[in-house]
Every structure is written in C-alpha cells, then in structure tokens.
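*Asks:* What shape does this take:
(2 chains)
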Amino acid sequence: MAHILLKELRKSYAGQEVIHGVSMDIADGEFVVIVGPSGCGKSTLLRMVAGLEGITAGTIEIGGRVVNDLEPRDRDIAMVFQNYALYPHMSVRENMAYGLKISKMPKPEIEQRVARAATMLELEPYLDRKPRALSGGQRQRVAMGRALVREPSALLLDEPLSNLDAKLRVQMRLQIKDMHLRTGQTTLYVTHDQVEAMTLADRLIVMNKGIAEQIATPSEVYRTPASEFVAGFIGSPAMNIFTIRAEAGTAILPGGHRLAIAGIPASGEVRLGLRPEDLEVTDADTASIPIDLRSVEHLGADAFGYGVIVGSDILLTLRLPGTSTAQRGDRLNVAPFPGRLHLFSIETGKRI
Amino acid sequence: MAETSDGPLAARASSKALAHLWMILGVIVVAFPIYYVVIASTHSTQTILRPPLPLLPGAEAYSNYKNAFSGGISKMGGVSLWRLLGNTTLIALGIAIGKIAISMASAYAIVFFRFPLRMVCFWVIFITLMLPIEVRIQPTYKVMVDLGLIDTYPGLILPLIASATATLLFRQFFMTIPHELLEAARVDGAGPWRFFKDILWPLSLTNVAAIFVIQFIYGWTQYLWPLLVTNSNEMNTIVIALKKMISFADADTPWSLVMVTSVLAILPPILVVVFMQRWFVKGLVETEK
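*Replies:* You can find the predicted model right below:
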C-alpha cells in the first residue's frame, strides 16, 4: 500500500504526443478510476504506471520512490488484464502462486496467501483446474487473485470487467468494491463504462484525447463537470447541451424563447447544459421552454421523453415519472431547476 | 465417420467402395517395398536372389538377425551393428535437439526482443531457407577440416543443426502467444529466461514434439554429409553402412544381412513416429491456448 504521485506525465509515439501532461496525487488506499472513450489514452496511462510503457516526460512515484526507469517487477505493483492473461498451462493455484514463487517467498507463506485469496474470491473448488476449464467470471476472479496475493503497493486494473456479461459484471463490480474496502489497496482502475466509474471510484480521472479533463469525486464530476466533454460523457442519458445567445443577462434559446439564467455573461454565445432529470414539466405561463414530444420510452420506474424545442431542431431528453401519461405529439413546457444549469465556453469548452 | 450416412460428405455405397479400393491400391504401392524388405530379411541370400520373389516369411529370420547382431556385419564393415545404430541415434538426436535449441532461441529473440537489425536477422535466416545443404557443402567441409572435426560427432551434427524452417515455425507459433501473457509475466517478475522456461516452453511442447519427429527422421536419413565428413568405419551411420554393404556384383552382396540392416534402419524412425504421434498431430493442427 502506498501513495502514487503522477507529475506532468507525457507519452509520445514517434513524435506524436498521446498523453499531454497528466498530474495526480493518489492517496494511500484510494480507489481511482480512469474513464474515457476509447483511444483517449486511459490504458496507456495505466500501462505507464505499470511500467509496460515507457515515459516520455514527467515522473511517477509509487510509495515515495521514483519508478520511471524500473521494470514492472521492481515497482511493487500488480495488474489485472482485460483478457485476464492467465497462464493456460498452469492450474489456478500455480497461476496465483507464480509471482510469489519468482520472488522466492517461502512455500508455506505462498500456500497461505493463495488459500486466503481463494477463500476471499470463492475459488477453493477450482484451485487445481486449468483456466480453460473455468467460466469467464471464474477466470476474472483468478486474475484478481493473482494480483491480490502479491499484496502490492498498487493494484492496477485494465478494463477487468469488459469481457463479462451484464449480470456478472454487476456482481463482480460489487465484489471488487467489497474487496477494496477490505484490503484498503491503492487501486487504479481503467474503464470506459461510466457506471463502473461512478460506483467504484473514490475519485475519477476523466480523460479525453490524452488530457485529464477533470480529476474529482464522482459526484463532483456529475454535478459540476469541468468541461463540456465531461458533461456529455458522464451521465446516461447524456446531458442536453446546446448553444444559447446571451442578451442583457437573459438567455435566448434556439427558437427564440427567453429564459432568465443566473451567471450568464452579458452578451455573446455560450453552451448550455441541462441534465434530463433537471428539467421539470410546468405550466405554460411560468418561464419555461416549450417542446414537442417526439417519443416517450417507459422504463418502469422512469420514463424518458425525447422532444424538440419548438421553433428549432434541438433535441431535448427529459426524465419523466414512470406514471407519466405524456405521449408523442404532446406539447410540454419544461423549466430547468435553478442552480442545476451548466454553462460552458464555446471557445474552450470549459465550465463558466 | 463412415456411419454418418446422411452427412454432407456421405457417399453412395458404390463410390465408397471405389474410394476404398483406390486407397488400398495406394497403400499397396507405398507399403509393398517395405513389406518386401521385412519378408526378405527372413530368407537366405540364395532364396532372395532366386526368382520368383518370395512373398511369405521364410524360416531364416532367427539366424539372419542373430548373425547380424553377433558379428555378421562387423565382418564386412569392421564395426558392429550396435555401433552403427548407436552412431545414427546419437547423430539423429543431436541434430533434432540441436535444431530445436537453435531455432527456438533465434525465434525467441526475433519475436520477443527489440534489437537493432532484428528484421535483417530474420530475413537472413529466411533466405538460408532457399539454400539446400549441397550449395554450401564445400565451404562447410573446409570449415570442418580447419576445425579438425572430420570423423567426429560434432562434425557430423553441427553443420546440420541450423534450421530456417524450424525457426520460422517457432516464430509463427510465438507470434500467436497473446502479448498480455508476456506482460503478465513481466508484472509477475519473470525475466526473459523465466518467461521462456516457465511459460513459452510448456506452451510450445506440442510444436517441439512435431519438429522433433520431423528432424529426428531428417537426421536419421542423412546420407551426403556423413559420407563426406567421415572416413573411418567407426563413425559410419547405418545408412552409410548399408550403402557400403552393397557391392556392384549381385552375388557378392549378402542380401539377407542388407535386408536385416534395412529393417533395423527403418524401425527407429517408425517407433519415434508411433510413440510421438499424438503429440505430433496435436502440434501440427492445434495450438493449446
């Protein structure tokens, strides 16, 4: 267990920079999730910490030690790979014990640690099986076990759940959370799944094109996204974001509707973000946005309405109660909850 | 397979019979000479020389084989049959094991290491694939003479152990090993040697078996190189000895002993194939991952 410090990390391939200076201070025992769309550099960042990719510039410290030039084995880390990367010719027991065997740990202690991990992961009945005789979920647990028996300073997971089916993924997610609470291991976890990101993380790094767009707790990321990218990426269904014009402190929406918004610049154009659940259906006479419903999806507890702002072609998603009787063709008036609006600069995409 | 009469490859009875007939014919053509060698090894030289060819085992089997092992052959070539078999086994094993060691090592370097001129090395190895041993036999002979390796086992084995084919085969196999496996091993703390020993070698076993079988037979049946590089009868392989036993005049050749020697020359490769067949086929058709 240790704290990890990333300072201005950069990575270039053949002169092309793919990671543009990421800095973060990860506390001992913290669970940090790196999330972003594919190709954003999140796996590269993790592999740089693991020592599987070289570092072009910057420093990585694990437990107060600069590890830039150390081999993975000397960094005191363990890693879980997306496709598990279990040794196919070794039994579950041997897979888990392999790293310990190499580090010349005494046999009784290896056995003890493997047994402990096997109990925690409910793998005892399979210890003598080969990976090919296991299901996907079991293989995933073996990969976890192999990382955990090392009791490393930092545990690195690279999309560990993406090869599992939906139901198993939820189970394993809970198990990983539970395990983290029990072991208190400093953990870096890469995923593109925002549900995993939101539920597991103590803090999130939202990556986009090699830049850490925001580093904050999940609720901060959700409530005060630092940029338009983060706002659009986190949250499902996605946030409604469109351009409005400011005129003497009032916003002019597409379709010419006027709405008073606090904190809006005196003039010029800005991007307005509204989460579907932050829109409330009201009467026509209060300040509101009229929309024509195009379709309604009933999910049971909730319903999602999709409509366009009257007089424009801007599509809005809004959450309705599950009992809503609204239907296609209805005209609704919706008003954003005050204080739940997000404004972003058109030029920089940053939050205003 | 024959039972699945409604399968897509099902054939009518007549065409099935025809197919069988054709195959049996093929087997006869291929197997008859070998069958005859075995049969002839049980007859006396006189019976072999006198037409027609005997097609059933004769009564001389015991005395022929006893004679061969107890000195009949040493009388002709000066070395015992045991020595010949021993020489050949040693050379075949040396070539097979040497080839596997060298080709695995070079394939390992080419696939898993990044070093300058890596691809140049690969292509140089690849190009040698196009050169049969006959092309480089003169310089090779010169090198062996200079090293004083004429009439030695190293002289018989070393020039034959470089193999572009086996290197290519191992390279192809190594490239199918998932990259994550290497990375997992690196994270687990395995260096290059441990990765090879603990992970790559066990996964390559079936391929090793297949290549061992092929190369053992290649080594066993070597003719040209042993002929060149050995002068003393002590170093003869069984194939060379066989050649030396046959003189131009039919009547001077002890055909019964030649046949016995032939049977004994054929037997070890067959045994190797039979015993390693399961692994051999596995290595050729599937990769265990």
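*Asks:* Which single residue of the stretch 201-350 of chain A approaches chain B most closely?
*Replies:* Closest residue of the stretch 201-350 of chain A to chain B, C-beta to the nearest C-beta: A:M207 (20.9 Å). Placement of C-beta: from N, CA and C, glycine included.
*Asks:* and that residue, what element?
*Replies:* strand A:203-208 (DSSP states H and E).
*Asks:* where's A:R75 relative to chain B, distance?
*Replies:* Using C-beta to the nearest C-beta, to the nearest Å, one obtains 9 Å as the distance from A:R75 to chain B.
*Asks:* Just give the nearest non-adjacent residue to that residue, would you?
*Replies:* Spatial nearest neighbour of A:R75, chain neighbours left out: A:V67 (4.7 Å); criterion: C-beta to C-beta, 6 or more residues apart in numbering or on different chains.
*Asks:* What is the neighbour count of the one you found?
*Replies:* 23 (other C-beta atoms under 10 Å in any protein chain shown).
*Asks:* mind checking the SS state of the residue in the stretch 1-150 of chain B that chain A sits nearest to?
*Replies:* Nearest to chain A, among the residues of the stretch 1-150 of chain B, is B:R114, at 11.6 Å (C-beta to the nearest C-beta). Recorded secondary structure, B:R114: coil (DSSP: H, G, I helix; E, B strand; the rest coil).
*Asks:* near chain A, which residues of chain B show up?
*Replies:* By the rule C-beta under 8 Å from any C-beta of the partner chain, the part of chain B lying against chain A is B:178, B:180-181, B:183-190, B:194, B:198-199, B:202-203, B:288-289.
*Asks:* Write a ChimeraX command that selects only the buried members of the residues you listed.
*Replies:* Buried subset of the residues of chain B next to chain A, written as a ChimeraX selection, criterion 16 or more other C-beta atoms under 10 Å in any protein chain shown:
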select /B:180,181,183,184,185,186,187,188,189,190,194,198,199,203
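*Asks:* Correct me if wrong: A:A201 contacts A:I26.
*Replies:* No. Using C-beta atoms under 8 Å, A:A201 is not in contact with A:I26, being 11.3 Å away.
*Asks:* which residues are common contacts for these two?
*Replies:* A:V32 (C-beta atoms under 8 Å, 6 or more residues apart in numbering or on different chains).
*Asks:* Now for the most centrally placed residue in chain B: which residues touch it?
*Replies:* The residue lying closest to the centre of chain B (C-alpha atoms, centre = their mean) is B:I217, at 0.9 Å. By C-beta under 8 Å, 6+ apart, B:I217 lies in contact with B:92, B:269, B:272-273.
*Asks:* Assign a three-state SS to it, would you?
*Replies:* Once three-state DSSP is applied, B:I217 turns out helix.
*Asks:* hang on, A:I244 in a strand?
*Replies:* Yes. Secondary structure of A:I244 (three-state DSSP): part of a strand.
*Asks:* I'd like to know how many residues surround it.
*Replies:* Neighbour number of A:I244 under other C-beta under 10 Å is 20.
*Asks:* these two touch, right, it and A:L274?
*Replies:* No. Applying C-beta under 8 Å as the test, A:I244 and A:L274 come out as separate, 10.5 Å apart.
*Asks:* what sits against the residue nearest to A:R75?
*Replies:* Going by C-beta under 8 Å, 6+ apart, A:V67 touches A:51, A:60-61, A:74-75.
*Asks:* If I look at it, what pLDDT would I see?
*Replies:* The confidence metric pLDDT takes the value 91 at A:V67.
*Asks:* can you check A:R116 too?
*Replies:* pLDDT at A:R116 comes out at 91.
*Asks:* Ok, B:I73 next?
*Replies:* Note for B:I73: predicted pLDDT of 67.
*Asks:* same thing with B:G283?
*Replies:* 63.
*Asks:* Tell me if I am right that B:P139 is in a strand.
*Replies:* No. Judged by three-state DSSP, B:P139 forms no part of a strand; its state is helix.
*Asks:* What is the burial count for it?
*Replies:* 9.
*Asks:* who's in contact with B:P202?
*Replies:* A:H89.
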